[in-house]
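Engineer: Would you be able to build a 3D model of this:
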Amino acid sequence: MLSLRHNPHAAPSRWQYRFSRFLLSRLYWVLTRFVAPIALILFVVFQLWTSQGMRQMVADTKASIFQKIAYLPFFVVDDVVISNATALREEEIMSFIDIQAPKSILEFDRDEMRKNLSQMDAVGSSEIRYNYTGTMEIILEPRIPAMIYYDGALFETIDESGHRVEGLADRSGREELFVISGEGAKDSAGEAMRIVKMLNPLADRVRGLVRVGGRRWDVVLTNGAILMLPAESPMSALQLILKQHRTNEVLNREIQSYDMRIPARPILRVSPVFAAEIETTIADQS
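Structural biologist: Next up, the predicted model:
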């Protein structure tokens, strides 16, 4: 009869052979020593993290450790010093950055504080320092009023870039600043400032600048005369007017306007009285 007893000396089957070779392979070595442990750790971490209680415990522990470190003596802000707050009240500045000492320096978001300070009209830039002795210093770079902008109803001082500095009830007390107005005047404040600097010899005779059509400037003098500058190269045209004034004192005459919108064809409009004087002079000479 055929015996069904297993013969230990018999050759292994194909699957037994493949399995034994797999146990000796490098793949099996990598799986058992790296992949399986990492997978087990990730599984445990995942199970812990999906537990609401475990997440709360981790958050509480983290907050507790942060509080202990953050409120060490050399991290605590006891005093705030504000430098260069010339046109600003400290209370107003403090309200913008919401500082309530004592507080840890680690709890302050300095970028957010600088962003909030930049929203103040009178602040150009700011720097925040902490010297780890309990004092935080806020150094402000204020905007310098360069001109007064009038929108037809309200006055406000602006800097050379056209940024608002502060509102004014009227012009009184700031007569040293030129007034600009008109469509697009604030956007072209830089050009207006260059014109103002060139008009410095006539500063006491200039009332202000008016932006016309968002393209060009009119210079209004205190006697009502208007210097009409072109849209292109207004500085060159103004230089020609000033040259004529130095030579012939043309701006001392009774003129109504000096039209330089077309620099190659300047037009001088005079008052009726001055026109009559010119006609009389011409008649006498003839």
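
Engineer: Next up, the contacts around the residue nearest the centre of the chain.
Structural biologist: Per C-alpha atoms, centre = their mean, the C-alpha nearest to the average position across the chain is that of residue 118, at 6.5 Å. If a contact means C-beta atoms under 8 Å, 6 or more residues apart in numbering, then residue 118 has 125-126 as its contacts. All C-beta atoms are positioned from the backbone trio N, CA, C, and that covers glycine.

Engineer: rerun that using 10 Å as the cut-off
Structural biologist: For residue 118, the contacting residues are 96, 124-126, by C-beta atoms under 10 Å, 6 or more residues apart in numbering.

Engineer: What is the nearest of those to residue 38?
Structural biologist: residue 126 (48.6 Å; C-beta to C-beta).

Engineer: is that closest one in a bridge, and if so with what?
Structural biologist: Beta-bridge partners recorded for residue 126 (DSSP bridges): residue 140.

Engineer: Would you agree it is in contact with residue 143?
Structural biologist: No - Residue 126 is not in contact with residue 143 according to C-beta atoms under 10 Å; the separation is 11.6 Å.

Engineer: which residues do the two both contact?
Structural biologist: By C-beta under 10 Å, 6+ apart, the residues touching both residue 126 and residue 143 are residue 120.

Engineer: Redo the contacts of residue 118 as a markdown table? Include pLDDT, distance to residue 135 and neighbour count.
Structural biologist: Listed next are the contacts of residue 118 as a markdown table, based on pLDDT from 0 to 100; distance: C-beta to C-beta, whole Å; neighbours: other C-beta atoms under 10 Å:
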| residue | pLDDT | distance to residue 135 | neighbour count |
| --- | --- | --- | --- |
| 96 | 71 | 19 | 16 |
| 124 | 84 | 23 | 17 |
| 125 | 85 | 21 | 12 |
| 126 | 86 | 16 | 23 |
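
Engineer: With distance to residue 39 as added columns, please give the residues you listed in JSON lines.
Structural biologist: Formatted as JSON lines, the contacts of residue 118 follow (distance: C-beta to C-beta, whole Å):
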{"residue": "96", "distance to residue 39": "52"}
{"residue": "124", "distance to residue 39": "57"}
{"residue": "125", "distance to residue 39": "53"}
{"residue": "126", "distance to residue 39": "52"}
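
Engineer: No further queries at this time; thank you.
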